[in-house]
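Student: Compute the structure for the input listed below.
(2 chains)
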Amino acid sequence: NAGVTQTPKFQVLKTGQSMTLQCAQDMNHNSMYWYRQDPGMGLRLIYYSASEGTTDKGEVPNGYNVSRLNKREFSLRLESAAPSQTSVYFCASSEVGETQYFGPGTRLLVL
Amino acid sequence: GEDVEQSLFLSVREGDSSVINCTYTDSSSTYLYWYKQEPGAGLQLLTYIFSNMDMKQDQRLTVLLNKKDKHLSLRIADTQTGDSAIYFCAEDYNQGGKLIFGQGTELSVKP
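Tutor: A predicted model of the protein is given here:
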């Protein structure tokens, strides 16, 4: 039982490049989330998916897209990366309204 | 808007008690959470408290909730060097499973 896994662990991009961050959970949770963590700002919600087939914007969705591929997987895509998107990205999963469990994070540097 | 505030730093000596404070704004929150983040790692759920409780104790951890003042605290008894980490409080905004995080309090434990 791996919990929440994320790939890659680290990534360096040039401005304008695109990439997809992958997240998978094996806890059969309905809800999945993407957060970014910036120094001094805590975690901010980018997008979430309350259940398979649905996605909704969070606090900071601009510049990102998401896909809930199936119940297990929730990906985050940066179509044209910008230096302001340099951050640590965390995926989480939960049952609706229940405790969220976090993955180990993806550290992204955009040059 | 919704906001969760924490002080940024706390330094204590090994064996002392640590108290980390948090204020929040959403009076309809059902659960309030404390997460721990060690360097380079994801967030680990430490404990949580249901909004109709005043106190919850779990081994060395004591959570106090003052709903009137919207104030949450985490007390760590007999603090150890392994407790050095960043501690985040979070509220479930509008009971919809979306968490609002504080900025995090960096706890430094000196031998």
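
Student: Not counting residues beside it along the chain, what's closest to A:Asn89?
Tutor: Careful, residue A:89 is Tyr; it's not Asn. Using Cβ to Cβ, 6 or more residues apart in numbering or on different chains and skipping the chain neighbours, the partner closest in space to A:Tyr89 is A:Thr106 (4.6 Å). C-beta coordinates here come from the backbone N, C-alpha and C atoms, glycine included.

Student: same check, this time on B:Lys98
Tutor: Leaving aside its sequence neighbours, B:Lys98 sits nearest to A:Leu45 (Cβ to Cβ, 6+ apart; 5.8 Å).

Student: Which elements pack onto the worst-scoring helix or strand of chain A on mean pLDDT?
Tutor: The weakest-scoring helix or strand in chain A, judged by mean pLDDT, DSSP states H and E, is strand A:101-102 (a mean of 92). Secondary-structure packing of strand A:101-102 (3 or more Cβ pairs under 8 Å, 6 or more residues apart in numbering or on different chains; DSSP states H and E): strand A:87-94, strand B:43-50.

Student: What residues of the first one count as buried?
Tutor: This means strand A:87-94. A:87-94 (16 or more other Cβ atoms under 10 Å in any protein chain shown).

Student: now stretch B:47-63
Tutor: Across stretch B:47-63, burial judged by 16+ other Cβ under 10 Å covers B:47-49, B:51, B:62-63.

Student: Looking at those residues, which one is closest to A:Thr54?
Tutor: Nearest to A:Thr54, judged by Cβ to Cβ, of these is B:Tyr48 at 25.2 Å.

Student: ok, the closest one touching B:Trp34?
Tutor: Yes: B:Tyr48 lies in contact with B:Trp34 (Cβ atoms under 8 Å); the separation is 7.0 Å.
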